[in-house]
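1. here are the coordinates; sequence isn't available:
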C-alpha cells in the first residue's frame, strides 16, 4: 500500500502493528496506560543508593524484577520489545526486518567506576603503573555491552532474528522518537518491511543525578510538573517503549503519517529562544502527513522553565485557532524524563489517543503558567475521537523531532 500524503513521490504507508512498554507505573503498556490515565505519578525518593547531598533526591524508577542482563538498558528494552513483538504477530524474512533503537551510552556499575578511580591513584596525577596493576582485576567487571550505545540494538536484532538494517540513534532526549522516524523512513523506502523501533533510558544513578544537577536541570523541589507555574526542573526516570511498524496493516488501527527532524544549531543545552527549530519540526511533520486534523498533542514537556515556554509558543504558532479543539498532555510528569527513551513513550501516548480516544493527562500540572497557555489535560484522561495526534521530542544540542500518527483510513 502506498500514498502521497506529503504531496511528494509515491511511498509505502507505515502501520503500527505492536506496542510494548515497561515503565515505573506498569510492567506492560496496558498497565502503564491505565495508570497514566488516572493521573498517577511514579516520582519517589531514590532508595537504590545514598542521595544525601545531591541537588535532587527523587526519581521515577522501574520497581519490577528484570531478567539478568549485561546492563539495565538491555533488561528494560527486552521486556518492552518482547511485548511489542508478541502483539504484532508478524512473520517476515530476517533480511526484511530492521531494528531502530534510541539509546545513550551505557555505563559500568558505579561501584566499578569508583574502584577504577581509586586504582588510578586518587591524586592530581594519573598513576599509570598503579592503574595497570590494580585495574587488571576489574577488567571482567566492565562488560563491553554495558558501555556501548549500539549494544541494545544489536542484542534485540539477534533476539528477533532481524538481519535487515540495524541502527542506534543517540540524540539525547530526541533519541527514541528519532529512531521511530528512521524506522518509518526505511519502510517507506523499501529498505525493510518490518521494523522494531523505540527507545530505552536507564539513567537513575549517581552520575546522572550529579551531572544534571550541576547543569541546574533537575527539580530542587522534587516535583515533575510540566507547564506549571511552579516548575523548576525535571525528574530523572527510566523505562523502555517499543513499537513494531510494518508496510502491511494487519489488524492495525493506527499508522505513522508524518515525521520531521530539525536542528537548532544554537547551544549545547539551551533551546533556541524563539523556538524556530521546534516550530520547523512540527510544521514539517504536519506537512509530511498531509495536514490532518490534530486532536491531541503529546508534548515534550520537560518541566524546565525555558523549554516548556518555548515549546508551548511553537505549538500555538503552528496550530493557531485549531488549538480550540485539541487536548495537550505530557508524560514526564508521571514517569520522569527517560532521556533516550522519552520520545518513544510519548509516541505510545499519542497512539492511545488515536486508537482508543484516550487523551492522557499531564501529571503534576496544577497551576498552568500563563507563558505556557495550552488546552492541557489535567487530572485524569479525557475521552474523545482523535483523527490524528502530534508527538514532540526536543533534545539537548537542539535536536528536534516531531511525529504524526493517525487512525487508519
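-> In hand now; what should we look at? All figures in this text were calculated on a predicted structure; none of them were measured in a lab.
2. now do the helices in this structure.
-> Taking DSSP state H as the criterion, the chain contains helices spanning 29-37, 72-88, 110-119, 128-135, 144-147, 151-159, 175-188, 206-215, 276-289, 305-319, 332-335, 342-356.
3. flag the shaky bits of the stretch 251-400 of the chain, pLDDT-wise.
-> The model of the stretch 251-400 of the chain has no residue with pLDDT under 70.
4. so what's the residue count around the closest residue in space to residue 216 that isn't next to it in sequence?
-> Spatially, and ignoring its direct neighbours in sequence, residue 216 is nearest to residue 233 (7.1 Å; CB to CB, 6 or more residues apart in numbering). Yep, even glycine has a C-beta here, placed from its N, CA and C like the rest. The number of residues packed near residue 233 is 24, by other CB atoms under 10 Å.
5. follow-up on the earlier one: ranking the helices of the chain by burial, who's on top?
-> A comparison of these by mean neighbour count, using mean count of other CB atoms under 10 Å, puts helix 332-335 on top with a mean of 30.
6. who are the packing partners of that one?
-> The contact analysis (3 or more CB pairs under 8 Å, 6 or more residues apart in numbering; DSSP states H and E) places helix 332-335 against helix 29-37.
7. same for the helix it packs on, what does it pack against?
-> Judged by 3+ CB pairs under 8 Å, 6+ apart, helix 29-37 is in contact with strand 14-22, helix 332-335, helix 342-356.
8. for these, give me JSON lines that also has distance to residue 164.
-> Below are the helices and strands packed on helix 29-37 laid out as JSON lines (distance: least, CB to CB, whole Å):
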{"stretch": "strand 14-22", "distance to residue 164": "15"}
{"stretch": "helix 332-335", "distance to residue 164": "31"}
{"stretch": "helix 342-356", "distance to residue 164": "20"}
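9. what sits closest to residue 86 if chain neighbours are left out?
-> Closest residue to residue 86 apart from its sequence neighbours, by CB to CB, 6+ apart: residue 18 at 7.2 Å.
10. ok, what's across the strand from that neighbour?
-> Listed by DSSP bridges, the beta-bridge partners for residue 18 are residue 244.
11. that one and residue 85 touch, don't they?
-> Yes - counting by CB atoms under 8 Å, residue 18 touches residue 85, with 6.1 Å between them.
12. mutual contacts of those two, please.
-> residue 244 (CB atoms under 8 Å, 6 or more residues apart in numbering).
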